[in-house]
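**Q** Give the three-dimensional model of this entry:
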Amino acid sequence: MDNIILIETSTELCSTAMASEGKIISYRESDRPRTHASLTAVFIDEMLRETGLKVQDCAAVCVSMGPGSYTGLRVGVSTAKGLCFGAGIPLLATGTLDALVWQGITGEYFRNSQGDPDFRYIIPMIDARRMEVYTAVFSPDGKQVTDTEAKIVDGSSFAEQLAAGHVLFIGDAADKCRTVITNPNAHFIQCCPKASSMLVPAMAEYKEKRFRDVAYFEPFYLKNFVATASRKKLF
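**A** Here you go, the predicted model:
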């Protein structure tokens, strides 16, 4: 039985899921701030107990590899590596933007009378800073059609896609982009990526046996982490 642990910690939402035979059978999430390090392993332990499984019963662990929060990504990848190393099972990784895209595809958003997605493009957006987002353009079937980039959004952003028809903007930066992208073809869903939405890309990675090196795999930060000096006086 192909059981896969899914871990998503790239934004404020910390979530885990257990997939079995292509379906989600257990799920945990929390949006409490700065609790990824304390909750991720707890969530996984709870799911294992709920399903009666051990880590060794799983075929792989899949982690959302970014882009996203530097700290969140480190927690998710470190947890995934520890599980894989300890149980001797493979490591998988999928893009954070892919999870958001599949939330859009599987969600009840903008569907036609046949129940199919009714938009020309899906554009996931992870909040970076100010009006900057981590983003890429995807087709309605989940295929990425542009490179992932850090983009400053203004009123002219994604004009080509919006001219072609309805566009779904989805992610934790959707609301702030709503204030500048006012085209009537633009539709916005404010949400964080969830581990349960990693199911389709994770299963694709597993079937293609695209396993990652447990020792050397690193998150996809997209931009370098910049440390800032604390304003608090230590002495």
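**Q** C-alpha from now on. contacts and neighbour counts both.
**A** OK.
**Q** for stretch 144-164, which positions count as buried?
**A** 144, 150, 153, 158, 161, 162 (16 or more other Cα atoms under 10 Å).
**Q** Name the helix or strand for the last one, please.
**A** Assigning secondary structure by DSSP states H and E places residue 162 in helix 159-164.
**Q** how about the helices in this protein?
**A** 36-51, 70-87, 96-106, 159-164, 174-178, 199-207 (DSSP state H).
**Q** List the contacts of stretch 163-178.
**A** Counting by Cα atoms under 8 Å, 6 or more residues apart in numbering, stretch 163-178 makes contact with 100-101, 104, 118-127, 131, 133, 153-154, 161, 185-193, all of which sit outside it.
**Q** quick check: mean pLDDT across the helix holding residue 162?
**A** Averaging pLDDT along helix 159-164 yields 97.
**Q** Residue 101: what's it in contact with?
**A** 122, 123, 124, 138, 142, 170.
**Q** center of this structure, which residue is that?
**A** Central residue of the chain (Cα atoms, centre = their mean): residue 96, 2.9 Å from the mean position.
**Q** how many neighbours does the nearest residue to that residue once chain neighbours are set aside have?
**A** Once flanking residues are discounted, residue 96 sits nearest to residue 66: 4.9 Å by Cα to Cα, 6 or more residues apart in numbering. For residue 66, the count of nearby residues is 28 (other Cα atoms under 10 Å).
**Q** quick one, strands of the protein?
**A** Secondary structure of the chain (DSSP state E): strands located at 3-8, 14-20, 23-30, 60-64, 91-94, 121-129, 132-135, 149-152, 167-171, 186-190.
**Q** per-residue pLDDT, the residue nearest to the centre of the chain?
**A** Predicted confidence (pLDDT) for residue 96: 98.
**Q** And it, how far from residue 118?
**A** 23 Å (Cα to Cα, to the nearest Å).
**Q** need the helices of the chain in a markdown table with distance to residue 4, can you?
**A** Shown next, in a markdown table, are the helices of the chain (distance: least, Cα to Cα, whole Å):
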| stretch | distance to residue 4 |
| --- | --- |
| helix 36-51 | 11 |
| helix 70-87 | 11 |
| helix 96-106 | 15 |
| helix 159-164 | 35 |
| helix 174-178 | 30 |
| helix 199-207 | 8 |
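**Q** what's the most buried one of those helices?
**A** helix 96-106 (a mean of 25; mean count of other Cα atoms under 10 Å).
**Q** This protein - how does it break down into domains?
**A** Per automatic domain parsing, the structural domains of the chain span 3-95+194-207, 97-190.
**Q** closest one to residue 222 among those domains?
**A** domain 3-95+194-207 (5.9 Å; Cα to Cα).
**Q** and the end-to-end length of the closest one?
**A** End-to-end distance (Cα to Cα), domain 3-95+194-207: 13 Å.
**Q** And for stretch 205-215?
**A** This stretch, stretch 205-215, spans 19 Å end to end (Cα to Cα).
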